[in-house]
Each structure stands twice: as C-alpha cells, then as structure tokens.
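Participant: Just a sequence and a predicted model for now, questions to come.
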Amino acid sequence: MSGGFAVGIEEDLLARHRVVGGEGRRVPVVGSGQRRAAVDAVLLSFDRPRVVPPLAAAHRHRQVGFEGAGADLLEDLLAKRREVGGARIGEGVLGLQVGSDVCVVLRAKPLVGILDVIAVMRADEGTTGGTRCFGDGCHPTHASRAGRVGGETYAGGMASASVRFGQYPPALRTIVHLSDTHFLDGGRPLGGRFDTTANLSRTLQKVRDLGIRPDAIVVTGDLTDEGEPGAYRDLRAVLEPVARDLAAPLVWVAGNHDERPALREHLMDAEPTQEPVTGVWDLDGLRLIAIDTSVPGWHHGDLDEGQLRWLEEHLATPAPLGTLLAMHHPPIPSHLPFFDILELRDQQRLADAIAGTDVRGILAGHLHYSTNATFAGIPVSVSAATCYTMDLARPPQQVNGMDAGQSFHLVHVYETTITHAVVPVVDADTGDYFSEEWVERMAALTPHERLEAFSRKRS
C-alpha cells in the first residue's frame with residue numbers, strides 16, 4: 001500500500017470531518033442537533049481496478065438523508081474532485097447500501113496499485129437516520145454491490161459490513177438461476193396435476209426472502225409448456241414485478257417447449273419471428289450471454305452455424321469478470337435414457353466455439369433436477385424446475401415427475417471461482433441459533449476471539 005497516498009487522503013479528506021486514527025478505527029462524528037453517526041474509514045489495497053464499477057453520473061449526487069458532519073462527509077466523498085499523489089479522486093464513485101446503513105466508496109487510480117476509501121455511515125442512538133441510499137430509480141447495482149468491494153463487506157444487508165470472517169472476499173456478482181416454469185394459458189394445471197403458477201409464486205417468495213438484490217434473474221428455458229401467447233403473458237405478469245422490485249434484469253432463455261415467435265412478442269416486445277432468442281448483458285463487468293438451443297418443431301437441442309458465429313464474435317473480446325453462458329439443453333450427459341434422446345446435438349461445435357475464451361460457466365435447465373458437470377473444461381450447473389422435479393430415487397427407466405423437490409440456484413461469482421447453491425423451495429421449521437445479532441457479536445471480536453468463541457470444541 002502506498003503510505004503517502006493514504007496519508008494524503010486521511011489528512012485532506014477525513015481529518016476535516018473528525019475521522020482520525022488508523023485503518024478500520026471507528027470514531028463518533030457529531031452532527032447538528034441530536035443527530036449522530038459513526039464512520040468507518042478504511043483504506044484498502046486492490047489488485048484489479050475493475051472490481052469496483054463506477055456509478056452512473058446521474059446517480060452520483062443523490063441525497064442520502066444524513067445531516068451534520070455525517071452528511072458533510074458523504075457529500076465530500078461523492079463530490080470530491082482533486083489530484084492526490086498523481087491520482088484523480090472521485091473519478092469513479094459507487095454508492096452502496098447495507099440494510100439501513102449507507103456506504104460510499106471513493107475509488108482512485110494511483111500510478112501504482114489501487115486505493116479505495118470506504119466510509120460507512122451508521123445510524124446511532126438518537127439518530128432518526130436517513131432515506132435508503134439513492135432511493136427509487138436508483139442505479140440497479142446499489143444494493144447488491146454491498147459485499148463486493150475489496151472483500152470487506154457482506155452482501156445481504158448486515159450492519160457488520162466492514163468485517164470479513166474468512167479467507168475469501170464476498171462475491172462480486174450474484175445471480176438467481178431459475179428454470180422450466182412450463183406455464184399454460186389460463187393457469188391450467190400441467191399434466192392435469194401440477195400447479196405451475198403456485199409453484200413459481202412459492203419459488204419467487206423464497207427469492208424475496210433472500211434479502212438481496214441480485215445482479216440478474218435468469219430463467220433457462222421451457223418458460224411455457226405449449227408456447228401459448230396467454231401463457232407467456234401470465235408468466236411475465238408473475239415474474240416481472242419481482243425483477244422490478246429487486247432492480248434486477250430479467251433474462252429469458254428459450255427451451256424446447258417454447259415457441260420463438262410467441263416468446264419474442266409476448267415476453268420481449270419484439271417481432272414474432274423464428275430468429276433465435278439470444279442476448280448479451282453486461283452485469284458491471286460480468287458478461288452474460290443467452291443462446292438458443294431450441295429447434296423449431298423438435299424437442300432435442302442444437303445450435304446452427306449462424307448462432308455459433310455470433311457467439312464467437314462476442315467472445316472474441318474478453319469481459320473484465322469473464323462470461324457466463326445461459327442455455328436450455330445442458331451439454332452434459334444424463335443417466336436418464338429419455339433425456340439422452342433429447343440432448344444437445346453436435347456438442348463439439350459448441351466446445352470449439354468457446355475454447356480459449358473467457359467463458360467461466362454455463363447455466364442450463366431441461367433436466368428437471370439439479371446437477372453439475374464440466375463441458376470442455378468449463379463448469380456446467382443445471383437448475384431444477386420450478387413446475388415439478390424428477391423423482392430420482394428410482395431406477396432410471398422408472399423416473400417420473402413429482403410435485404416436490406423444487407429449488408433454484410443462487411450463483412455467486414468470485415474473482416477466482418463461481419459457486420452454485422441449491423436453494424430448496426420448502427416450508428419447514430428451522431433452528432434459531434444464527435441471526436444478525438449473532439453475526440454482530442462475532443464481528444465485534446478479533447479473529448482469534450472468533451475462533452475461541454465458535455471453533456473451539458467445549459467437550
């Protein structure tokens with residue numbers, strides 16, 4: 001860490017607001033009247049500047065609701081424009097929200113290394129607090145970014161945001177991966193027995209219960225069962241409000257039960273053509289590419305030459321955080337014979353298209369059960385269906401669908417790896433040992449004290 005640069009920031013920017021001391025020390029900053037706040041001033045060292053994306057200019061100077069010295073500091077952090085140690089302070093500013101706390105990150109680019117100042121404004125006793133950071137219409141990343149800056153904060157809104165408990169920094173991006181909703185027009189039960197609307201609604205409630213704002217919600221195909229226009233409209237009416245509330249882009253992927261013209265018209269407001277349903281999303285440095293493995297008139301999967309060339313063109317330039325592919329038919333084997341008939345055909349062509357690129361993972365569906373594998377050395381994660389799942393506790397020839405075991409995947413993208421957590425959609429009693437209060441108690445301890453309190457066996 002460049003000490004001179006750090007001292008320059010502390011003396012010129014933080015000391016004026018009575019924030020003193022070394023790294024991570026918190027001192028009270030008294031505001032006007034009865035308002036008070038506490039400030040964490042932390043200097044962090046970064047290896048990769050792209051980890052922290054800049055905030056859109058339209059959102060840089062929104063009111064955050066604190067008054068007195070607290071508001072002065074936040075405003076100074078947001079508006080500061082000056083040269084220090086050869087680096088322009090305030091060139092990229094990112095607003096973060098952690099629960100009811102407000103975090104502001106000031107990013108700088110010195111000639112050597114990356115230094116960031118993180119100020120965490122926290123409501124204290126006697127403080128009426130402020131509005132939620134950036135309010136309605138905010139930059140869609142503002143809440144989900146908490147926990148991604150320098151590995152020092154947790155996503156999910158915990159007030160112990162400045163403490164890291166383990167070796168790995170928090171995820172840089174988070175994605176909700178759903179699949180196989182299989183809607184029918186008018187809410188008709190699938191196969192005369194599966195209530196796809198109710199099952200998806202239960203799933204989306206679990207998504208809300210996560211308490212996060214994901215960077216995207218991806219639905220990997222078989223959005224409807226028969227490609228009916230009314231079914232697409234019904235699905236849109238259920239899913240879009242959730243995505244809007246969570247400020248997350250909604251990524252539709254076509255599956256073998258979908259019909260491209262109706263999907264394009266009623267989900268995407270596009271021309272009702274047989275063109276493949278594809279798209280590219282830039283999730284602040286993480287590239288998400290949806291490809292269309294559906295084959296009109298058939299249930300197996302395939303990719304034509306035009307779509308493979310399109311994919312190669314997009315992959316020719318690496319993305320800062322790499323690329324995820326989203327598709328319906330997974331390019332992996334299944335131990336169930338009927339899925340082998342309906343597999344993605346000519347998979348080597350896809351392997352050739354992504355060889356040597358920045359593709360870090362593949363999200364897929366189709367199988368109605370969660371599984372994972374590798375394809376051409378790339379991890380593949382298959383999310384189970386929301387409508388019904390396969391009862392795998394049978395011989396392969398006897399496996400059929402059941403109205404149980406629904407789940408979705410919570411995808412965490414780290415700098416060096418990607419995890420896919422299976423989130424069960426089930427109503428069940430749980431223990432009550434762990435809580436936000438428990439995390440706060442651990443955060444107040446030193447690393448050694450945490451090991452003593454939680455790791456040491458008592459008997």
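Facilitator: Thanks, I have the structure now. Numbers count the residues shown, from 1 in each chain.

Participant: how deep is the closest residue to T323 other than its chain neighbours tucked in, by neighbour count?
Facilitator: Sequence neighbours aside, R287 is the residue nearest to T323 in space, at 4.3 Å (criterion: Cβ to Cβ, 6 or more residues apart in numbering). C-beta: built from backbone N, CA, C; applies to glycine. Per other Cβ atoms under 10 Å, the neighbour tally for R287 reads 22.

Participant: In a strand, R287, correct?
Facilitator: Yes. Per DSSP: H, G, I helix; E, B strand; the rest coil, R287 lies within a strand segment.

Participant: so it makes contact with V280?
Facilitator: Yes. With contact defined as Cβ atoms under 8 Å, R287 counts as touching V280 (6.6 Å).

Participant: Now for the two: what residues contact both?
Facilitator: H314 (Cβ atoms under 8 Å, 6 or more residues apart in numbering).

Participant: Could you list the low-pLDDT ranges of the stretch 151-300 of the chain?
Facilitator: Applying pLDDT under 70 to the stretch 151-300 of the chain flags the ranges 151-162.

Participant: Let me see the ranges of the helices in it.
Facilitator: Applying DSSP state H, counting those that start in this stretch to the stretch 151-300 of the chain gives helices spanning 196-209, 229-245, 260-268.

Participant: tell me the most buried of these?
Facilitator: helix 260-268 (a mean of 20; mean count of other Cβ atoms under 10 Å).

Participant: Give the other helices and strands that that one contacts.
Facilitator: Other elements packing on helix 260-268 under the criterion 3 or more Cβ pairs under 8 Å, 6 or more residues apart in numbering; DSSP states H and E are helix 229-245, strand 250-253.

Participant: what does that helix rub up against?
Facilitator: Helix 260-268 is contacted from outside by 223-224, 227-229, 232-233, 235-236, 252, 254, 270-277, 292, 294, 296, using Cβ under 8 Å, 6+ apart.

Participant: give me every residue that touches R349.
Facilitator: R349 makes contact with L303, L308 under the criterion Cβ under 8 Å, 6+ apart.

Participant: Assign it to helix, strand or coil.
Facilitator: At R349, secondary structure determined by three-state DSSP is helix.

Participant: State the distance from it to F434.
Facilitator: R349 sits 47 Å away from F434, taking Cβ to Cβ, to the nearest Å as the criterion.

Participant: and if you look at G255?
Facilitator: On the measure of Cβ to Cβ, G255 and F434 end up 37 Å apart.

Participant: More neighbours: which of those two?
Facilitator: Per other Cβ under 10 Å, whichever of G255 and F434 has more neighbours is G255, with 31 against 10.

Participant: State the number of residues packed around the nearest residue to the more buried one once chain neighbours are set aside.
Facilitator: Closest residue to G255 apart from its sequence neighbours, by Cβ to Cβ, 6+ apart: G221 at 2.6 Å. For G221, the neighbour count with other Cβ under 10 Å is 29.

Participant: doesn't L363 make contact with G221?
Facilitator: No. With contact defined as Cβ under 8 Å, G221 does not reach L363; the gap is 10.2 Å.

Participant: do you know how far the residue nearest to G255 is from G301?
Facilitator: Applying Cβ to Cβ to G221 and G301 gives a distance of 9 Å.

Participant: what residues are shared contacts of those two?
Facilitator: Contact criterion Cβ under 8 Å, 6+ apart; residues shared by G221 and G301: N256, T293, S294, H328, H329, H366.

Participant: Verify the stated contact: the last one with V253.
Facilitator: Right, H366. No. The pair H366 / V253 is not scored as a contact, 10.3 Å apart, by Cβ under 8 Å.

Participant: Pull up the overlap in contacts between these two.
Facilitator: T220, G221, H328.

Participant: Nearest to I378 among these?
Facilitator: Taking Cβ to Cβ as the measure, T220 is the one of those closest to I378, at 15.7 Å.

Participant: For the stretch 301-450 of the chain, just list every one of the helices.
Facilitator: For the stretch 301-450 of the chain, applying DSSP H, counting those that start in this stretch gives helices covering 305-315, 337-341, 347-354, 436-443, 447-450.

Participant: Using PyMOL, define a selection of the buried residues within the contacts of helix 260-268.
Facilitator: Per 16 or more other Cβ atoms under 10 Å, the buried members of these correspond to this PyMOL selection:
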select buried, resi 223+224+227+228+229+232+233+235+236+252+254+276+277+292+294
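
Participant: how long is stretch 240-250 end to end?
Facilitator: End-to-end span of stretch 240-250 (Cα to Cα, to the nearest Å): 7 Å.

Participant: Kindly report the same for stretch 289-305.
Facilitator: For stretch 289-305, the first-to-last residue distance is 17 Å (Cα to Cα).

Participant: so T220 bridges to which residues?
Facilitator: Per DSSP bridges, the residues bridged to T220 are V253.

Participant: Spit out the contact partners of it.
Facilitator: Contacts of T220 (Cβ under 8 Å, 6+ apart): 177-180, 253, 255, 326-328, 363-366, 383.

Participant: do S294 as well
Facilitator: G221, A254, G255, N256, D258, R260, P276, V277, G301, H328.

Participant: The third one reaches G365, doesn't it?
Facilitator: Think G255. Yes. Shown here, G255 and G365 form a contact pair, counting by Cβ under 8 Å, at 6.6 Å.

Participant: Overlap of the contact sets of these two?
Facilitator: With Cβ under 8 Å, 6+ apart, G255 and G365 have common neighbours D180, T220, G221, D222, H328.

Participant: Closest one of those residues to D403?
Facilitator: Comparing those against D403 with Cβ to Cβ picks out D180 as the nearest, at 13.5 Å.

Participant: Which pLDDT value does the model give the residue nearest to the closest one when sequence neighbours are not counted?
Facilitator: Nearest residue to D180, sequence neighbours excluded (Cβ to Cβ, 6+ apart): A385, at 3.4 Å. A385 is assigned a predicted lDDT (pLDDT) of 96.

Participant: Touching, A385 and H368? I think so.
Facilitator: Yes. Counting by Cβ under 8 Å, A385 touches H368, with 4.3 Å between them.

Participant: More neighbours: which of those two?
Facilitator: A385 (30 against 27).

Participant: How about the contacts made by the more buried one?
Facilitator: Neighbour list for A385: S179, D180, T181, H182, D222, G365, H368, Q406 [criterion: Cβ under 8 Å, 6+ apart].

Participant: let's see it at 7 Å
Facilitator: A385 makes contacts with S179, D180, H368, Q406, as judged by Cβ atoms under 7 Å, 6 or more residues apart in numbering.
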